[in-house]
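In: Starting from these lines, generate the structure:
(one chain, ligands or ions: 2)
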Amino acid sequence: MSLQSRRVASQPGFLLVINDIMMYPSVLAVALALGAPSVHALLRFSCSQLVVERLDPLVFPGLKQSPHVHQVVGGNMFNTTMDHAAHDISTESTCTTCTFPEDFSNYWTAVLYFRARNGSVHRVPQRANIGFDGARSGGMTVYYTPSYTGAKATAFQPGFRMVVGNPMIRTAAENAKYRQLTFTCLQDLSTRTGETADMPKTACPAGIMSNVRFPTCWNGKDLDSPDHASHVAYPSSGTFESGGPCPSTHPVKIPQLFFEIIWDTRQFNDKSLWPTDGSQPFVWSYGDYTGYGTHGDYVFGWKGDSLQRAMDANCDACTGTLKTQSITTGNNCQQSQKVAETIDGWLPQLPGGIVITGPQPGTGSGTSTSTSTDSGSTGGSCSAAKYAQCGGKGFTGCATCASGSTCKVSNEYYSQCL
Ligand SMILES: *[C@@H]1O[C@H](CO)[C@@H](O)[C@H](O)[C@H]1NC(C)=O
Ligand SMILES: *[C@@H]1O[C@H](CO)[C@@H](O)[C@H](O)[C@H]1NC(C)=O
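Out: Numbers count the residues shown, from 1 in each chain. Ligands and ions are numbered 1, 2, ... in the order given. I've put the predicted structure just below:
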């Protein structure tokens, strides 16, 4: 299919078939609406689930376990520590759950739970995206878009990692800083309109899709930064989609990394199971009903120059440029939890004892838990203003730790009594 016919065909929700991989070019339609040239490709592929566990080698390196549950896809070197100096991710992994066997990167997000009227929680399963039926546990869809304008994208370098979003956020104002972390209330699997920054307030017939778009400008020097975010930035004006320029502090254009994850809420859509006050019942593993704290993590692990070649080739399925493997092969790449823990079935509380903070949409209370105390798993009791995670136990913070432990600040939003 030519680029011209793709341009003509680009309408939200319009299904396009390229090289037997179905894709939704709604982002093209966005670019068109913004008046940008539309001649660009977007590398779109499936990654099956690798593991679901409380591990976070980026924000909590070495900590077994990290505070909240994540769903993880990608290379099987995923581990408590993925220090670049000590590990070559692209050679230490022996398999990947993704479509491209040269991609040993890891991609992860929090997971969604349903909270019943009696307070018990149950993990919401994931489902496969359009064109990726059979992906183990739904997995996630990953995109790398080089540019919407034909500008060159510099692929991520070995050792590169980043986080977008902040699990402490519970308001639209704080969330606005991240621009492009959204949810789609799926009427069917092809719904690609009506993205919202907070969680849908009504039952979504086909599930809820998380859309996680990372910043697209890099400072050109640092593979990481203390908050795992300040080495990247958004365009200084306009957007990535409109071809906005990168700020002088972050002059290097990197591909737009974008995740889609579909939460299969169908078994929980019966309103008789929902809170009687009309609020929505889904809560994130980090203790958030609002969705404003949504976040995604990335550790680069492509082999050699494979990602750069794909970006330069400006290809969609990239079958001629990259080696590919079947979804079944990707499904065979699995890990078990480093610390076996029950995360499924009806649970009395969120794994890790995560405390739910912030308002429930629909209640109109708008209040947030500002101070609380909790007993850390590695430290003693501690208290702090606002949200933080204390020794792996909920969003309670640890400005003050019990004697025998000290507060270790990991980054702008996490601290622990250790
Ligand atoms: C994870 O790290 C531990 C400790 O360094 C090591 O023993 C183990 O083999 C690693 N697992 C994987 C899958 O790399
Ligand atoms: C809580 O509610 C759910 C959904 O109705 C039910 O399946 C579960 O058994 C209940 N748990 C307890 C402890 O009552």
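In: And residue 189, how far from residue 261?
Out: Taking Cβ to Cβ, to the nearest Å as the measure, residue 189 falls 13 Å from residue 261. C-beta here means a position set from N, CA and C on the backbone, and glycine is covered the same way.
In: Same drill for these two, tell me which one is more crowded.
Out: residue 261 (28 against 17; other Cβ atoms under 10 Å).
In: So in terms of bridging, what pairs with the more buried one?
Out: Note on residue 261: beta-bridge partners residue 210, judged by DSSP bridges.
In: and it, what does it touch?
Out: By Cβ atoms under 8 Å, 6 or more residues apart in numbering, residue 261 lies in contact with 71, 109, 126, 138, 140-141, 209-210, 212.
In: Residue 162 too?
Out: With Cβ under 8 Å, 6+ apart, residue 162 has these contacts: 214-215, 224, 228-229, 231-232, 297-298.
In: Direction included, what does the strand or helix carrying it pair against?
Out: In this structure, residue 162 sits in strand 161-165 according to DSSP states H and E. Strand 161-165 pairs in its sheet with strand 295-299 (antiparallel), by DSSP bridges.
In: After the strand it pairs with, which helix or strand is next?
Out: For strand 295-299, the following helix or strand on the C-terminal side (DSSP H and E) is helix 306-313.
In: got a list of contacts for the next helix or strand after that next one?
Out: Next in sequence after helix 306-313, counting helices and strands by DSSP H and E, comes helix 327-331. Contact partners of helix 327-331, identified using Cβ under 8 Å, 6+ apart, comprise 46-48, 96-99, 101, 132-136, 139.
In: Spell out for me the PyMOL command that would select the buried members of those.
Out: Buried members of the contacts of helix 327-331, defined by 16 or more other Cβ atoms under 10 Å, are picked up in PyMOL with:
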select buried, resi 46+47+48+96+97+98+99+101+132+135+136+139
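In: Can you tell me which of the contacts of helix 327-331 lies closest to ligand 2?
Out: Nearest to ligand 2, judged by Cβ to the nearest ligand atom, of those is residue 136 at 25.8 Å.
In: The closest one touches residue 51, doesn't it?
Out: No - counting by Cβ atoms under 8 Å, residue 51 is not a contact partner of residue 136; they are 10.5 Å apart.
In: Next, count neighbours for the nearest residue to residue 79 once chain neighbours are set aside.
Out: Nearest in space to residue 79, with sequence neighbours left out and distances taken as Cβ to Cβ, 6 or more residues apart in numbering, is residue 57 at 6.2 Å. Using other Cβ under 10 Å, residue 57 has 23 other residues around it.
In: which ones are touching residue 57?
Out: Applying Cβ under 8 Å, 6+ apart to residue 57 gives the contacts 78-82, 106, 299.
In: now do 7 Å
Out: Contacts for residue 57 (Cβ atoms under 7 Å, 6 or more residues apart in numbering) come out as 79-82.
In: how close does it get to residue 356?
Out: Distance from residue 57 to residue 356, by Cβ to Cβ: 25 Å.
In: before we move on, what about residue 157?
Out: Noted for residue 157: a distance of 38 Å to residue 356, by Cβ to Cβ.
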